[in-house]
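Enquirer: Sequence and predicted model, in that order:
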Amino acid sequence: MKKLLFAIAFITLLSFGANAQNNTPKPPELEFVMELKVKCDPAFSCGQTSRGERVVIPIVGGTFEGPNIRGTVLSGGADYQYVDHKNARNEIEAIYCIRTDDGVNIHIRNAGLIVTSKDDKGNPQFYFRTSPKFDAPNDSKYNYLNNAIYLCTTGFGEGYISLLVWKVK
């Protein structure tokens, strides 16, 4: 029996290896979920720590909308950052809640990086990516948010930060 299981496993690995050599891996697809327009109060510093300067940016409101969801960003959350001034790198973790137009509260923890640098020609480069994790009620129609990985890109509007959320398929 052990020899049979080993043979099946070996054949499966050989088959996988052959497919990997003959086919270029296909990258995951992305599906747009929503845009959040998050309003913030001015940042404040909690001082230098062993991980960098701790900066807090209070979240005071906003809106969000996507093909299957819309509502408001609730006040009371914050974006917590460790700022490494020497390496122009921020570790970020925003923790906040949103409320859908039909009254469902959803918790979000959005972690990622901001890195500023210059390319070979000296032009500024700005990398800002996060991965939000949704905590929606299981008994709501938004339960689907709990069961995927998401990627967030960003931009800036007048008086808000724009967060574009994509589901990794």
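Expert: Thanks, I have the structure now. Here the structure is a predicted model, which means the values were calculated and not measured.

Enquirer: So the residue nearest to residue 149 when sequence neighbours are not counted versus residue 88, what's the distance?
Expert: Distances taken as CB to CB, 6 or more residues apart in numbering place residue 168 nearest to residue 149, at 4.6 Å, with adjacent residues excluded. (Each C-beta comes from the backbone N, C-alpha and C, glycine too.) Separation of residue 168 from residue 88 (CB to CB, to the nearest Å) stands at 27 Å.

Enquirer: now swap in residue 23 and tell me
Expert: Relative to residue 88, residue 23 is positioned 39 Å away (criterion: CB to CB).

Enquirer: neighbour-wise, which of the two wins?
Expert: Of the pair residue 23 and residue 88, residue 88 is the one with more neighbours under other CB atoms under 10 Å, namely 14 against 8.

Enquirer: didn't that one look like it was pressed against residue 124?
Expert: No - with the criterion set as CB atoms under 8 Å, residue 88 and residue 124 do not qualify as a contacting pair; they are 10.1 Å apart.

Enquirer: what sits in contact with each of those two?
Expert: Residues within reach of residue 88 and of residue 124 at once, by CB atoms under 8 Å, 6 or more residues apart in numbering, are 116, 117.

Enquirer: per-residue confidence at the most centrally placed residue in the chain?
Expert: Among the residues of the chain, residue 131 comes closest to the average C-alpha position under CA atoms, centre = their mean, at 1.7 Å. Model confidence at residue 131, given as pLDDT, is 97.

Enquirer: Show me what the host helix or strand of it is in contact with.
Expert: Residue 131 belongs to strand 124-135 when elements are defined using DSSP states H and E. Residues external to strand 124-135 that are found in contact with it (CB under 8 Å, 6+ apart): 92, 94, 106-119, 142, 145-146, 149-154, 163, 165.

Enquirer: Among the residues you listed, which lie within strands?
Expert: Secondary structure assignment (DSSP state E) places 92, 94, 106-118, 149-154, 163, 165 from the contacts of strand 124-135 within strands.

Enquirer: Buried ones among these?
Expert: 92, 94, 106, 108, 110, 112, 114, 150-152, 154, 163, 165 (16 or more other CB atoms under 10 Å).

Enquirer: Pick out the most distant pair among the residues you listed.
Expert: Across these, the longest distance by CB to CB is 24.1 Å; it joins 106 and 114.

Enquirer: ok, and the helix or strand in this structure with the lowest average confidence?
Expert: Among the secondary structure pieces of the chain, namely its helices and strands, helix 2-22 has the lowest mean (mean pLDDT, DSSP states H and E), a mean of 54.

Enquirer: right, and the helix or strand after that helix?
Expert: According to DSSP H and E, the helix or strand after helix 2-22 is strand 30-40.
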